[in-house]
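Q: Below is the sequence, then the predicted model.
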Amino acid sequence: MLDEQADPGALNQTGIHQLISPDGHAVVDEELSPFVEDVDDAAILGLYSDMVAIRRIDSEATALQRQGQLALWPPMLGQEASQVGSLRALAVEDFIFPTYRENGVAYLRGASLAGIMSTWRGSANTGWDPHAINLATPQIIIGAQTLHATGYAMGLVLEGKDDVSIAYLGDGATSQGDVHESMVFAASFQAPVIFFCQNNHWAISEPVGLQAHAPIAGRAPGYGIPGMRVDGNDVLAVLAATRWAVARARSGGGPSFIEAVTYRMGAHTTADDPTRYRGVTELEEWGAKDPIARVKALLQSRGLLDADGEAAVTARANAVAAELREGTITMGDPAPMSVFENVYTEEHAILDRQREHYGRYLAGFTPADGTKLEGSLS
Amino acid sequence: MLDEQADPGALNQTGIHQLISPDGHAVVDEELSPFVEDVDDAAILGLYSDMVAIRRIDSEATALQRQGQLALWPPMLGQEASQVGSLRALAVEDFIFPTYRENGVAYLRGASLAGIMSTWRGSANTGWDPHAINLATPQIIIGAQTLHATGYAMGLVLEGKDDVSIAYLGDGATSQGDVHESMVFAASFQAPVIFFCQNNHWAISEPVGLQAHAPIAGRAPGYGIPGMRVDGNDVLAVLAATRWAVARARSGGGPSFIEAVTYRMGAHTTADDPTRYRGVTELEEWGAKDPIARVKALLQSRGLLDADGEAAVTARANAVAAELREGTITMGDPAPMSVFENVYTEEHAILDRQREHYGRYLAGFTPADGTKLEGSLS
Amino acid sequence: MSKLTLTQAINAGLRKSMEEDPKVILMGEDIGTLGGVFRVTDGLMKDFGSHRVIDTPLAESAIIGTAVGLAYRGFRPVCEIQFDGFIYPAFDQIVSQVAKLHMRTHGQVRMPLTIRVPFGGGIGSPEHHSESPEGYFVHTSGLRVISVSNPQDAYTMLRQAIKCDDPVLFFEPKRRYHTKGEVDLDADLSRAPAMGASRVVSAGTDVTLVTYGPLVPTALDAARAAADEGISIEVIDLRSLSPLDYGPIEESVRRTGRLVVTHEASQTLGLGAEIVAGITERCFNYLEAAPVRVTGFDIPYPPSKLEKHHLPDLDRMLDGVDRVLGRPNSASGL
Amino acid sequence: MSKLTLTQAINAGLRKSMEEDPKVILMGEDIGTLGGVFRVTDGLMKDFGSHRVIDTPLAESAIIGTAVGLAYRGFRPVCEIQFDGFIYPAFDQIVSQVAKLHMRTHGQVRMPLTIRVPFGGGIGSPEHHSESPEGYFVHTSGLRVISVSNPQDAYTMLRQAIKCDDPVLFFEPKRRYHTKGEVDLDADLSRAPAMGASRVVSAGTDVTLVTYGPLVPTALDAARAAADEGISIEVIDLRSLSPLDYGPIEESVRRTGRLVVTHEASQTLGLGAEIVAGITERCFNYLEAAPVRVTGFDIPYPPSKLEKHHLPDLDRMLDGVDRVLGRPNSASGL
Ligand SMILES: Cc1ncc(C[n+]2csc(CCOP(=O)(O)OP(=O)(O)O)c2C)c(N)n1
Ligand SMILES: Cc1ncc(C[n+]2csc(CCOP(=O)(O)OP(=O)(O)O)c2C)c(N)n1
Ligand SMILES: [Mg+2]
Ligand SMILES: [Mg+2]
């Protein structure tokens, strides 16, 4: 009989890799430390700056949503280390399949801030060209993107490339059949794909313990895929773990699974009210493990964050916020007739007829209340 | 980093529980032996008789298919120990969710032979009342039944019953998302369900190594579900393993997963030609591990199978075969108008109209070629 | 009589059904502690316990698949699919199991599942949150499909759906969740209109306008606007999408000779296709003009800033009415 | 010209496409070593290698979902779904991903998948092996759907489907797999009829009979039988189910004034609904009688001993023709 494993809810469990303690001290980890040997002070400062910048994206977008400039926003507050650490382990050729919550990842990968916001404003389905920056559009169907990442990685094998693909997923997503099938295919074809699971302890109102009775990363070995649990609020540990997975994948070692144990400090989205389902104690407990505070403490303890350094980090965050705000509020509305665009690559008798009729309708029509139709026909 | 596991194709791997060796010697297994302490000589003879009977069902049905009396037949040759051992561990209150291949299970559970055959003849979708014998109809959609078994077991928890449910599945089925979701739900609700996987090494033409890069039972612990690998050609070991799982489930221990390592000696179905994808060596190798031969050897070595005993076993098998054949070839065709039956429990304006029209059509109509329509209107 | 929103009416219908029958249980994502993302199940876990209001793991195929198992065991599961666009992972279980099991077992196993689906657009949501998938289920034999448009129907028809021994897809027009209406909570179910019956919601003589769910209020607005211009529109709320109840539509079209069908779902093989075909078959000699469909376009649901250009509104309905009347002011001039 | 069965023609189309474009790969269950349960991919793994003819694990959602990822990477996957009834586990990936990704990415990511589906009944198979799910996909915007009826079309249209940058559902009438026909393997694709074009396969003047896939030969038989009775039927093979090509049907109905549509799929929201509605909209003034649908019933596919009572056959088609002609010998007398 094979053994049962422990409760996934347990927070300070052994087996979670860490390189910076919550109070900001460096920790040695036999497996992971070698992967960040080259990460010097400047690099750590860079990671810190990244995290501050995306936290600012988060607060600015939350504010814009309250002001009615965005339709919705899914906060990433508390998950900055997971997003920054994982993204910074990748090369630009590596293809990313994110969820709706990886807006920090999107920014760091090179999507424009206005582009990112266009989706949350309801103006566009994508804010960037996936092929231009090797980043798929944010996936809303829970788990679906893990199959896309796996297929992409199968393609890399067929082409003999040493790039990798990465699928972001949440703890809730691990219950979906698609995620399982991804692991089966990834193992079967030894695809260079990284399953990067941010266990932020909640799937909307459902605690991770409802999805899993054993640590999530513990599912991977059953497929013959190595699994790694890492402190998701520790940017260095996440960077190292992802580098470990990338190195494996690039050298033909196949798929791997990372569980970044983190916490969603904010609401599920701006439409959610987490006070209905979780207490303040939990929030306070995790507040003490803030991913940004601990890097800051580390930097300060090493005398690496002087006033100038902090000012530069703040300046970048301010600039990001300003650009985001400006890009959002000046965004034009999409043209009415664009609803017919890009459904097909070629002509389509039925849709073309509908387009023609609606064009005629719009052109010839003044609504009963006399208002003008917004936007131009395109 | 969690460890990878070994190749699932390896046949004589450690960790596979066994109570009778292929050459018919009793083996002691610390975990399993206690579960069959009460199985006396008569009981072993009974298991032997069961296996002989269902092998006879298999050969008779295969013959009837060749004679055009059945549309299709999925042989269970080689899997008799898995079917008999698992079924005999259950109480009649325990509910069974089988696949198309568990026709031996269906017979032992009390389905009539003609009933079983009616599906393979193409005459009926079910050959028994599932509620009468606590046996669902054979599931053809790979993996779907595992969710049904899980839900049924969730219902048992809600009712505070100590019955269990069992889902049969194949090695190929383990790749389906539904099977994963079943494990997630079963673990989450601690449902008294047994996942009984017959790893018969093939899913039509695909070897188990394509579905899994690590032993299948090794997936269970990742969910917090205990997994057990058992020699699926060893009826006592299968009986014991299933009893272990049943005992766990009845006493509130929740779900468990059994991988019965066996072999499909026949074709996938009578429509399949396995010579296109597998060699004779493998077949010979497994022929030496025949599930019936080893019990027979055990019985004989203990002097328990005299001529009378063997004659009784043969007589039962002959009777089963005769009943099966008779029931099949005398089976009437279903009435044409029965296509409209049981789609809904109550009236349905649209379908009722179609029924009325077709009834009128059939009643008033003689086909161009002058033949009479078979069957009566009902 | 109580004044309730649509959500409150559904909540009351669930509550009543659970009180009446201990075999009724609720399952879904976030329906328990949170009370559902639309608060439809608010308070029910507190009152009935977590064994009857079950927060499930995040897996739609499993929600439906385990509900099938629970139905085998004699339960009457009411499953919530959080949003229309999340029903597809459960499609296999619905189409191959839920819809077929009664026939497969020769009527010996019943599948009294109710699958609640908040559906349709108009609330400014992101992708996959505004779909109209009802057509897929109407095309699936073995299911019943209903869509409600007001609190009273929601309360009554949900109770009927849960009592029905066939599986029922229950489509809730999410953009009408806050619509208020009088609901008789003590009404005798045996005297309520049948779950399968459509209903004339506004009488008229010139054009028959058929719709369901979210567009019923819009169609009523259109009828009022048309009345100002001297056109009399009869509005029919389908209520039941499968089976369709042709009775009132036939009766109406025989009088008006003119049919317009409107829905949010895409046109090709949307409900409008079936109704136009069915009415043409039944009332051919009474039709004075080709029936007209006013529907969503054959496109994936657009970003929310564009949804008003996809969803039929009052103006597009009136344009359809003009067309069926052959009036020259029809702007699209089909 | 070569005389090929339908399976051989599809096999040849796959081979040709793989020769022409190294990005074309095949994926599916049992398609490699075995050559497919219908032998459609026979010999292709041997000739192109297991990196281009991929036996996948047993999971349909993953077959389509990984094909999406492969398309992101520039491949043109041709996926086989082993039987019609096994496509539903992949429904979510098809409807929410394959169909929508081109629009979602503003045309920047293309999804040139071809999904091959042996479909329809008539081969005496068990449950789930005889379904006609095409309507679900025709109702799904963003997909193209075709169904072939003969070896030449199979060869040509499969190549067109694989070359097409939109996702294409390719429905193969499995009961016609052994039908033989002349196939020009070297025909110039640029001069072949468009993939979206329907075709008059038998000219006639009294009734327009529209069908596709497995029932085309049956419809031709019906036309011959009717001719003996002096009724002239024009048979149209739709070929493309989405988009529908109304041109030839309109032209025909304007002459005949009478339309019959026939298919195996259930009636409610089957293709017949759309065609009757579309033609009524387009040709109202030319119709001399209500169009007639001759289809499978609104039932789950029955056990194979009963399938002949579900599937439209020559006699039921002729009954439909009688009905549309208002001839008293119509037995069902709708
Ligand atoms: C198939 C599907 N079902 C349901 C939803 C609704 N939904 C959106 S986010 C979410 C929770 C996801 O939780 P998790 O995977 O942990 O990611 P997180 O939001 O915590 O980042 C749910 C249920 C969805 N988007 N897709
Ligand atoms: C969803 C689905 N996909 C494909 C099939 C076709 N099919 C029937 S049996 C089978 C192989 C099943 O293999 P396994 O689970 O190992 O069971 P076994 O046949 O070996 O008993 C396949 C692919 C199916 N029935 N259902
Ligand atoms: Mg989460
Ligand atoms: Mg197998």
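A: That came through, no problem. Ligands and ions are numbered 1, 2, ... in the order given.

Q: show me where the chain has strands.
A: Since no chain was named, I'll use chain A. Assigned by DSSP state E, the strands in chain A fall at A:95-97, A:165-170, A:193-199, A:202-203, A:206-207, A:227-231, A:256-261.

Q: my bad, chain C
A: Going by DSSP E, chain C shows strands at C:2-5, C:24-28, C:53-55, C:76-80, C:114-119, C:144-147, C:168-173, C:180-183, C:199-202, C:207-211, C:233-237, C:240-242, C:259-266, C:292-296.

Q: Including mean neighbour count, distance to A:Y223 and mean pLDDT, could these go into CSV?
A: C-beta coordinates here come from the backbone N, C-alpha and C atoms, glycine included. Shown next, in CSV, are the strands of chain C (neighbours: other Cβ atoms under 10 Å in any protein chain shown; distance: least, Cβ to Cβ, whole Å; pLDDT from 0 to 100):
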stretch, mean neighbour count, distance to A:Y223, mean pLDDT
strand C:2-5, 16, 47, 96
strand C:24-28, 24, 28, 98
strand C:53-55, 24, 27, 98
strand C:76-80, 27, 29, 98
strand C:114-119, 26, 32, 98
strand C:144-147, 27, 39, 98
strand C:168-173, 26, 35, 98
strand C:180-183, 17, 52, 98
strand C:199-202, 17, 54, 98
strand C:207-211, 29, 49, 98
strand C:233-237, 26, 51, 98
strand C:240-242, 27, 41, 98
strand C:259-266, 28, 39, 98
strand C:292-296, 26, 41, 98
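
Q: which stretches of the chain aren't confidently modelled?
A: No chain in the question, so chain A it is. Within chain A, the ranges that satisfy pLDDT under 70 run A:1-14, A:365-378.

Q: not what I meant, chain C
A: C:328-334.

Q: In it, which residue sits nearest ligand 1?
A: In chain C, the residue that lies nearest ligand 1 is C:F86 (3.7 Å; Cβ to the nearest ligand atom).

Q: How about that residue, nearest residue that isn't a chain neighbour?
A: Nearest residue to C:F86 in three dimensions, chain neighbours excluded: C:E60, at 5.8 Å (Cβ to Cβ, 6 or more residues apart in numbering or on different chains).

Q: these two touch, right, that neighbour and C:G85?
A: No - using Cβ atoms under 8 Å, C:E60 is not in contact with C:G85; the gap is 10.6 Å.

Q: list the contacts for the residue nearest the centre of chain A?
A: What sits nearest the mean C-alpha location of chain A, by Cα atoms, centre = their mean, is A:E102, with 2.1 Å. A:E102 makes contact with A:76, A:83, A:96, A:138, A:168 under the criterion Cβ atoms under 8 Å, 6 or more residues apart in numbering or on different chains.

Q: now the helices for the stretch 251-378 of chain A?
A: A:280-287, A:291-301, A:307-329, A:349-364 (DSSP state H, counting those that start in this stretch).

Q: just these: most buried one?
A: helix A:291-301 (a mean of 20; mean count of other Cβ atoms under 10 Å in any protein chain shown).

Q: Please identify which residue in chain A comes closest to ligand 4.
A: A:V184 (14.8 Å; Cβ to the ion).

Q: which residues touch that residue?
A: A:V184 sits in contact with A:223, B:174-175, B:211-212, D:57, D:59, D:62, where contact means Cβ under 8 Å, 6+ apart.

Q: Among those residues, which lie within helices?
A: Secondary structure defined by DSSP state H assigns B:211, D:62 of these to helices.

Q: what two of the contacts of A:V184 are the furthest from one another?
A: B:A212 and D:A62 (13.8 Å; Cβ to Cβ).

Q: out of the two, which sits in the more crowded spot?
A: More neighbours surround D:A62 than the other of B:A212 and D:A62, with 32 against 29 (other Cβ atoms under 10 Å in any protein chain shown).

Q: Around A:G252, how many other residues sit close by?
A: Neighbours of A:G252 (other Cβ under 10 Å): 10.

Q: Contacts only, for it.
A: Neighbours of A:G252 in contact, by Cβ under 8 Å, 6+ apart: A:190, A:192.
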